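Asker: fold the following, please.
(chains A and B)
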Amino acid sequence: MSEKKEADVRFSKFGTVSFTSLTKTNDFIDYLEQGKLMGTRCRVCGMVFFPPRADCYGCLSSDMEWFEVAGTGKLVSWSTLRYAPVGFEGDLPYSIALLDYGDYKVFGRIAGDLTDDDLKVGMEMKAEVNHLPNGQINYVFRKA
Amino acid sequence: MGKVAIIGVGQSAFVRSYPGSVRELAFEGFKEAMQDGGIKASDIDASVICSAPEYDKQRSPAGVLAEYLGLNPQPTFYVESLCSSSSMGLRTAYALVASGLHDVVAVVGFQKMSEISSAESQERMGRGADIQWESPFGTMMPAYYAMHAQAHMARYGTTSEDLALIRVKSGTYGQGNEKAVYRKGVTLEMFSQPGTAMSGPIASPLRVGDCCANADGSSCIIVASEEKARAFSKKPVWIMGLGSATAPVNMAGRDSLSGLFVARASAEQAYRMAGVAAKDIDVAEVHDCFTIAEMMAYEDLGFARPGEGRDLIRSKETYKEGSIPVNVDGGLLSKGHPIGATGGSQIRTIVLQLRGEAGGMQVKDPEIGLIHNIGGVGLYGNVTILGR
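Answerer: Here you go, the predicted model:
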């Protein structure tokens, strides 16, 4: 990494509008840019976290390793928005959703080309990295 | 530990846009509670001020309100848990009085939401969730509750019409509540015909009619020790049980989206503390920020088994004449939802019911009432049980 004293604000790239810039989980963004969606696992007690955390509340360790969110998850639920908060108007309509991977769940967006008619609670979906038109990055869910 | 009572209740009218400042708005609910309790500011030993941040510009509102309400030099506390702030304020006041530290405590809730636009308000509310990992996807409260509705429908077969029936009930009682922001009746046809008032899509499967409106408003609850309550009040209402819980902020941390863990956990604590069960509740106020929220409340509070909430509303058991009247003041759906003031308004309704002073919305001779007040999307839960 660079020796410069500039703040590491990589996380400001996350999502249409990011509300966080400094976090110890900034490497999440680098992984997204490599096409990988990652969570963290505690090296001491093995607890698994998504969204990723820098610190384990189970054993108070901060010794974490990254793991890839792989395979498919079941669609727990979703909603398609027809009205958006400030800053997200240009994305309408869009859907937010939750997938259950068994050991953890992942909250995110449904891919923009899927509609309510394509979705059913319980269906298998997979996460995929998505580059946004404004240079930002996030991840979306597609049919497995 | 002595008993703790509520000896005064008040609220402002809930309105779309209050023509005054935050302190003036808070004064309205406070004045009504003081007159109701027949007490003076010098009788109050401390205040608990409750609101959610970033709707108006005042930082640290507790000190400002304490001065405006004539509560200097008494100490004041600022309590925030989003939409359940004033129920959390009641819990705080209970602890202050039960501990013997103070004898009479005023819980003042307020919110002036009209200083920002509706879309800005959705952004603020969305940031009452996980701003690092969820808000960047464009979340807002209606969409989170819509995900719960979708999950409830998929698991139990609940329909959009079942949810609309809850809004119809709300409209039945909102018409008679002079403090409510929405005072018109609601019919199922208003949901079913495209282009009508309630039918517009917001976040699938929720429609305009499934959502409560933002509002400006204030509320005030005066809490007192048993000794002071008997000295000041002919009709004290007793705090029998309190329950409170938290849950992971990110939806990824929730076991299920077809109910709210915080509501079940808070209810269990409150029932145990009060020594009563769901069947003993004669009248209830539940946090119907969305129709699905009231449906889940029926089940989380034990008024119906999981998945059977729809039978309660279909058979009108939650109407005034039913076995468990719920939100017979119109609820948040008709009254409007000025975040920090809402819990106090719910508590006020139950106190008036137990005193037999609820006017046109009075249910027949209730002895035990319950208040269910949720903050965020099931982030904070408070259940309070009151008795005569």
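Asker: list the contacts of the residue in chain A that chain B sits nearest to.
Answerer: At 2.2 Å from chain B, A:G15 is the closest residue in chain A, using Cβ to the nearest Cβ. From N, CA and C alone the C-beta is placed, and that goes for glycine too. Contact analysis of A:G15 by Cβ atoms under 8 Å, 6 or more residues apart in numbering or on different chains lists A:132, A:136, A:138, B:135-138.
Asker: CA-only coordinates of the helix or strand where B:L370 lies in CSV, if you can.
Answerer: Counting by DSSP states H and E, the element that carries B:L370 is strand B:368-375. Extracted as CSV, the C-alpha positions of strand B:368-375 are listed here (Å, rounded to 0.1, in the frame of the first residue of the first chain):
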residue,chain,number,x,y,z
ILE,B,368,-55.8,-3.9,31.6
GLY,B,369,-54.3,-2.3,28.5
LEU,B,370,-51.2,-2.8,26.4
ILE,B,371,-48.9,-0.6,24.3
HIS,B,372,-46.6,-2.0,21.6
ASN,B,373,-44.1,0.5,20.2
ILE,B,374,-41.4,-0.4,17.7
GLY,B,375,-38.3,1.6,16.8
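Asker: partner strands of the next helix or strand after that strand, parallel or antiparallel?
Answerer: Sequence-wise, the next helix or strand downstream of strand B:368-375 (DSSP H and E) is strand B:380-387. Strand pairing for strand B:380-387, using DSSP bridges, gives strand B:237-246 (antiparallel), strand B:368-375 (antiparallel).
Asker: which of those sits closest to B:D255?
Answerer: When the strands paired with strand B:380-387 are compared by Cβ to Cβ, strand B:237-246 sits nearest B:D255, at 13.4 Å.
Asker: any residues touching the closest one, and which ones?
Answerer: Residues contacting strand B:237-246 (Cβ under 8 Å, 6+ apart): B:3-6, B:88, B:90-91, B:94, B:223, B:261-262, B:265-276, B:350-351, B:354-355, B:368, B:379-388.
Asker: quick check: ChimeraX command selecting the buried ones in the residues you listed.
Answerer: In ChimeraX, the members of the contacts of strand B:237-246 classed as buried (16 or more other Cβ atoms under 10 Å in any protein chain shown) are selected with the following command:
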select /B:3,4,5,6,88,90,91,94,223,261,262,265,266,267,268,269,270,271,274,276,350,351,354,355,368,379,380,381,382,383,384,385,386,387,388
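Asker: not counting sequence-adjacent ones, nearest residue to the closest residue to chain A within chain B?
Answerer: For chain B, the residue closest to chain A is B:P136, as judged by Cβ to the nearest Cβ, at 2.2 Å. Closest residue to B:P136 in three dimensions, ignoring its sequence neighbours and counting by Cβ to Cβ, 6 or more residues apart in numbering or on different chains: A:G15, at 2.2 Å.
Asker: can you check B:P142 too?
Answerer: B:A203 (4.6 Å).
Asker: and if you look at B:G138?
Answerer: A:F88 (3.6 Å).
Asker: hmm, the one you found is touching A:R109, no?
Answerer: No. Assessed by Cβ atoms under 8 Å, A:F88 is found out of contact with A:R109, at 10.7 Å.
Asker: hmm, B:I374 is touching B:D288, no?
Answerer: No. Look at B:I374 against B:D288 with Cβ under 8 Å: they stay out of range, at 9.8 Å.
Asker: now do the helices in chain B.
Answerer: In chain B, the helices defined using DSSP state H lie at B:22-37, B:61-68, B:85-98, B:118-126, B:141-156, B:160-174, B:189-192, B:226-232, B:261-274, B:291-300, B:309-314, B:331-335, B:339-355.
Asker: ok, the residue of chain A closest to chain B to A:R109 distance?
Answerer: 9 Å (Cβ to Cβ, to the nearest Å).
Asker: hey, what's in contact with both of those two?
Answerer: With Cβ under 8 Å, 6+ apart, A:G15 and A:R109 have common neighbours A:138, B:137-138.
Asker: quick one: pLDDT of A:D8?
Answerer: We have a pLDDT of 89 for A:D8.
Asker: who's the closest spatial neighbour of it, skipping the chain neighbours?
Answerer: A:N26 (5.5 Å).
Asker: residues in contact with the residue nearest to B:A263 when sequence neighbours are not counted?
Answerer: Ranked by Cβ to Cβ, 6+ apart and with sequence neighbours excluded, the top spatial neighbour of B:A263 is B:D300, at 3.7 Å. Neighbour list for B:D300: B:259-260, B:263-264, B:267, B:372 [criterion: Cβ under 8 Å, 6+ apart].
Asker: centre of the chain to stretch B:290-304, how far?
Answerer: 14 Å (Cα atoms, centre = their mean, to the nearest Å).
Asker: again with stretch A:39-53
Answerer: 15 Å.
Asker: just checking, B:V326 touches B:I313?
Answerer: No. Between B:V326 and B:I313 there is no contact under Cβ under 8 Å: 9.0 Å.
Asker: any common contacting residues for these two?
Answerer: B:Y298.
Asker: out of these two, which sits in the busier spot?
Answerer: B:V326 (29 against 25; other Cβ atoms under 10 Å in any protein chain shown).
Asker: list the contacts for the more buried one?
Answerer: B:283-286, B:294, B:297-298, B:303, B:318.
Asker: adding neighbour count and pLDDT, write those residues out as TSV.
Answerer: Shown next, in TSV, are the contacts of B:V326 (neighbours: other Cβ atoms under 10 Å in any protein chain shown; pLDDT from 0 to 100):
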residue	neighbour count	pLDDT
B:V283	25	98
B:A284	29	98
B:E285	28	98
B:V286	27	98
B:E294	27	98
B:A297	28	98
B:Y298	27	98
B:F303	23	98
B:T318	25	98
